[in-house]
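[1] Return atomic coordinates for the entry below.
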Amino acid sequence: MFTLSGGHVFPLYDGAVKADPPLRLVDVRHEQTAVFAAEATARLTRTPGLAVVTAGPGVTNSVSAVTGAWFNGAPLVVLGGRAPDYLWGKGALQELDHVPLLAPVTKRAWTEHTVAGVAGSVDEAFRLALTPHRGPVFLDFPLEAIYGEEAVDLPPDAGRMPAAAPPDGDDVAAIAALLGAARRPVLVLGSDVWLGGAETAALGCAEALRLPVITNGQGRGVLPRGHSLLVTRARSVALAEADLVIVVGVPLDFRLRYGSFGPPDAPAKVVHVADSAGGIATHCPLAASASGDLAAFFTTLADACGQRPVGDMEWLARLRGTARAAVAADTPLLETEASPIHPMRVYGELLRELDDDAVVIGDGGDFVSFAGRVIEPAFPGHWLDPGPYGCLGTGLGYALAARLAHPSSQVALMLGDGAAGLSLMDADTLVRHNLPVVMIVGNNSAWGLEKEPMRAVYGYDVAADLRPGTRYDEVVRALGGAGEQVTAPGEIAPALRRAFASGVPYLINVITDVAAAYPRTTTGV
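    Here you go, the predicted structure:
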C-alpha cells in the first residue's frame, strides 16, 4: 500500500498492519508518488497496484498520476477518503466530490456510502482494474462508512478474475491471409503484450514466421537485445517501406504515426490487435483487426500461417543491416571525450555496468530519449518510462516500485534535471524505507525538450533555463542518501561503480552539454 498519511483513511492503515500477514505500507512525500509507485507495481508485476490517498488535496494531488495509468493501461486501484455524508454540504474539512474529477481517466470512479458495501466494492475495484482493457479504478468512502463496523459476507466470486476471451477465429484467419500475401511485413509489439502475459507467445510467433519486430513501451524486451528479428533501430525504414504493419497491444497514436505507414503512393495495409474491442483504432483505415486474449492471438496466428516464414527474407535482411548500422553509428558518441559531457557518453558507460536483469527507468525529456535509443532490455518488464501521457515526475515512484518488485536487481533511474525537480524529495522515502536505487541526473540546466523547439519556432527561447550546476547530489545527501557530481567523461564509470556498490539511495549528478539536443523526427503534435 503506497500512501501519504491522512485521517480520512486511518482505518485502511489499521487493516493493513493487523492483516495476517501484514500488508506492507510505504508512505511517501507526495500523493502523486504514491500513485506512480502503485502504477509501476502493476506494470512490473502484472498484479494490481494499490494507492491510498486522503480526502480533498490527497485525491487531487493524485490525478495526473492516475491519468498516466489510464494511458498506460495499468491495473491500478486508488482508494480515497471522503468527508462524511452526515455533514455533506455544510463545508466539512476537505469536502469535495472527487468522482467527477476521476471519472474521465478511470475505468470506473464511485463512492461507496455503506459500511456493508465496502468489502464488495473493493473486490469489484480490483476485478475491474484487471479486466482487459486494464486500467485504473477509483473508489472513495465517506468517513462514517470507512470508520463503521459491520459483519458481511464477501461475494461468492471474490478474488476471482475473469478469463480473457480468445480472439475471433475468422479475424485471425483474415490477418493470416494478409501475411501470406505480404512481402514486407512488420510486427509492432506494445505494452499490452507484456501486461497481458503474451510475451512468450509473441516471441514464438515472431520466430516461427520470421517476422521483423519493432518493440514499443513495455513491449521492449519481449525480443531480447541482440535478437536477430529485433529491428527497432530500423523503425523509420521499416514503417516507411512496409506493405503490411501488424500492431499489437499499443494504440495507433503519435508514437506510431497515427497508423499511417508505407510509401505515400502505396500505403501499407494496417492490422490492429488489442486486448479488448474498445481498443481497436477507429481513426484510420484498417485492413483487418482482432481483439481478445493476446497470447491466444499469437498462437492462433502462427498456426494459421502454418508455423512457417512469411514475407521476403531479403526484407528482413535489409532491416537487420539497417539496425546494425544504426547501432554502429552510435559508437562515436557513446565513447566521446567531449566536454561538457554528451548524454550519450553517460549511456556508453552505463551499458557496461548494467546486469541483464537490471530495471532501467526513464523520467525526463531529451536525456531519457537518448536512453530509449540505446538501452535495450534483456527481459520484458525491466524498462519503465512515463508512457504516452508524458507526465514527468514519475521517477521516484517508479523507482520505489522497482526496488520492491526486484529486490536483488540493479535499479537505475535516469532523470532529466527538470524531471528531478518534480519528485526528488521522495529520495527521503527511499532512505526511510531502506530502498537503494541509483539515480543518474543528466544536468544540462534546461528544459531541453522545450528549449530547442522554441528556438526553432521563434528564434529564441524563454522559460526553458534552469540554474546551471545545481547540486542534486547534495539534495540526496541531505536527505540521508549519498551522491556525487561528475563533470568529466572519465569520471562516469567510477561513479557508477561506487553507486551500485553503495547499498543506499545514490545520485550521480552529471553535468551535460545543453547543446546536445536529441534529434527528433516527431513532436507528437
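[2] residue boundaries of the helices in the stretch 151-300 of the chain?
    Along the stretch 151-300 of the chain, the segments classed as helices by DSSP state H, counting those that start in this stretch run 169-181, 191-195, 199-209, 235-241, 294-304.
[3] try the stretch 351-500 of the chain
    In the stretch 351-500 of the chain, the helices defined using DSSP H, counting those that start in this stretch lie at 366-374, 395-405, 417-423, 427-432, 448-458, 472-478, 492-502.
[4] remind me, longest helix of the protein?
    Under DSSP state H, the helix in the chain containing the largest number of residues is helix 313-334.
[5] could you say which helix or strand contains the residue lying farthest from the centre of the chain?
    Most distant residue from the mean C-alpha position of the chain: residue 90, 41.0 Å away (CA atoms, centre = their mean). Assigned by DSSP states H and E, residue 90 belongs to no helix or strand.
[6] Looks like residue 372 contacts residue 385 (just checking).
    Yes - Residue 372 lies in contact with residue 385 (CB atoms under 8 Å); the separation is 6.8 Å. For the C-beta atoms, the positions are set from N, CA and C on the backbone; glycine is no exception.
[7] Tell me which of these two has more neighbours.
    For residue 372 versus residue 385, neighbours defined as other CB atoms under 10 Å are more numerous around residue 385 (23 against 17).
[8] In contact with the closest residue in space to that one that isn't next to it in sequence, which residues?
    Of all residues not flanking residue 385 in the chain, residue 362 sits nearest, at 4.2 Å (CB to CB, 6 or more residues apart in numbering). Counting by CB atoms under 8 Å, 6 or more residues apart in numbering, residue 362 touches 368, 371-372, 383-386, 414.
[9] Equivalent analysis for residue 193, please.
    By CB under 8 Å, 6+ apart, the residues touching residue 193 are 199, 202, 218-219, 222, 248-249, 294, 380.
[10] Quick check: of those, which lies closest to residue 8?
    residue 218 (33.6 Å; CB to CB).
[11] quick one, what contacts that closest one?
    Counting by CB under 8 Å, 6+ apart, residue 218 touches 43, 190-191, 193-195, 380-381, 383-384.
[12] Could you tell me the model confidence score at it?
    Looking at residue 218, its pLDDT is 95.
[13] Relative to residue 126, how far out is it?
    According to CB to CB, to the nearest Å, residue 218 stands 21 Å off from residue 126.
[14] out of the contacts of residue 193, who's nearest residue 145?
    Set against residue 145, the nearest of those by CB to CB is residue 218 (36.2 Å).
[15] Would you mind pulling the contact partners of the helix or strand of the chain with the lowest mean pLDDT?
    Lowest on mean pLDDT, DSSP states H and E among the helices and strands of the chain sits helix 448-458, with a mean of 91. Helix 448-458 is contacted by residues 365-367, 416, 418, 460-465, 514, 517-518, 523 when judged by CB under 8 Å, 6+ apart.
[16] ChimeraX command for the buried members of the contacts of residue 218?
    Selection command for ChimeraX covering only the buried members of the contacts of residue 218, criterion 16 or more other CB atoms under 10 Å:
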select :43,190,191,193,194,195,380,381,383,384
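[17] Tabulate the contacts of residue 218 in CSV, adding columns for distance to residue 6 and pLDDT.
    Below are the contacts of residue 218 laid out as CSV (distance: CB to CB, whole Å; pLDDT from 0 to 100):
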residue, distance to residue 6, pLDDT
43, 26, 98
190, 36, 97
191, 32, 97
193, 37, 98
194, 33, 98
195, 30, 97
380, 36, 95
381, 32, 95
383, 33, 97
384, 27, 97
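[18] circling back to that earlier point, for the longest helix of the chain, packing partners?
    With contacts defined as 3 or more CB pairs under 8 Å, 6 or more residues apart in numbering; DSSP states H and E, helix 313-334 has these neighbours: helix 235-241, helix 343-353, helix 366-374.
[19] Which positions within the shortest one qualify as buried?
    Buried residues in helix 235-241, counted by 16+ other CB under 10 Å: 235, 237-239, 241.
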